[in-house]
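A.B. asks: I would like to see how this sequence folds:
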Amino acid sequence: MASASDAEARFWAAAERGTSFFMGNADVQRALGALAQRLEDLSVPYAIAGAMALNAYGYERFTSDIDVLLTREGLAAFKAAWLGRGYIEKFPGSRGLRDTEHNVAIDVLLAGAFPGDGKPKPVRFPDPDESWVERHVRLLPVEKLVELKLASGLSAPHRLRDLADVLELIRHASLPRDLGDALDPSVRPKYAELWQAAQTVDPE
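C.D. replies: Predicted structure coming up:
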């Protein structure tokens, strides 16, 4: 069992990491800039997803890793150029990587795969060459990010955080109700439910 002093040290270390993150100079943000530049130098299509994309769209949520959407060919090209030069695989042959300079995990999402439980469903990860917007780095479009998070949270009980992310993004980014019209029909009812929930104001 951890001692009180160990618990206090972890608390202050976490607080320091959070402060650095929200000031924009955390290791994960430096790692993101380096990754984006290297992918662009290789002409590898990509789109940033996950919490880093949520932050870019207005929902400030601390994270210590990067989610990036690639094609299988793009991942292979990046590995060929950069493995052993600041990046390693999480384990041999894995799609997940680690930036060894900044000690940041990079979770690679593959175009064509299915979110959440990984089983076939109407929603799948898009081709990053066809689905991105420019916000200093390439991001998944907000409607695609929402669609994927809804499909993930609906299909995988351990991914309920994805539904909470959509709720908070609706609140913080003031997403419109009719954004649901751009989503796959399989997730539209959940978006409408979360949008309505987001309109509720907590009592003071």
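
A.B. asks: rest of the way, CA atoms for contacts and neighbours
C.D. replies: Will do.

A.B. asks: Just give the number of residues close to the nearest residue to Asp27 once chain neighbours are set aside.
C.D. replies: Excluding the flanking residues, the one nearest Asp27 by C-alpha to C-alpha, 6 or more residues apart in numbering is His102, at 5.5 Å. Using other C-alpha atoms under 10 Å, His102 has 17 other residues around it.

A.B. asks: Quick check: the gap between His102 and Val166.
C.D. replies: Applying C-alpha to C-alpha, to the nearest Å, the value for His102 to Val166 is 29 Å.

A.B. asks: go on, Glu130?
C.D. replies: 23 Å.

A.B. asks: neighbour-wise, which of these two wins?
C.D. replies: Taking other C-alpha under 10 Å, Glu130 and Val166 do not tie; Val166 has more neighbours (26 against 11).

A.B. asks: Next, the more buried one: phi, psi?
C.D. replies: Dihedral pair for Val166: phi -60, psi -40, per degrees, to the nearest 10.

A.B. asks: Ser131 - nearest residue in space that isn't next to it in sequence?
C.D. replies: Closest to Ser131 by C-alpha to C-alpha, 6+ apart is Leu140, at 6.2 Å.

A.B. asks: list the contacts for that neighbour?
C.D. replies: 47-49, 53, 128, 131-133 (C-alpha atoms under 8 Å, 6 or more residues apart in numbering).

A.B. asks: Now intersect those residues with the helices, please.
C.D. replies: Ala53 (DSSP state H).

A.B. asks: Of the contacts of Leu140, select the buried ones using a ChimeraX command.
C.D. replies: Here is the ChimeraX selection string for the buried members of the contacts of Leu140, based on 16 or more other C-alpha atoms under 10 Å:
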select :47,48,49,53,128,131,132
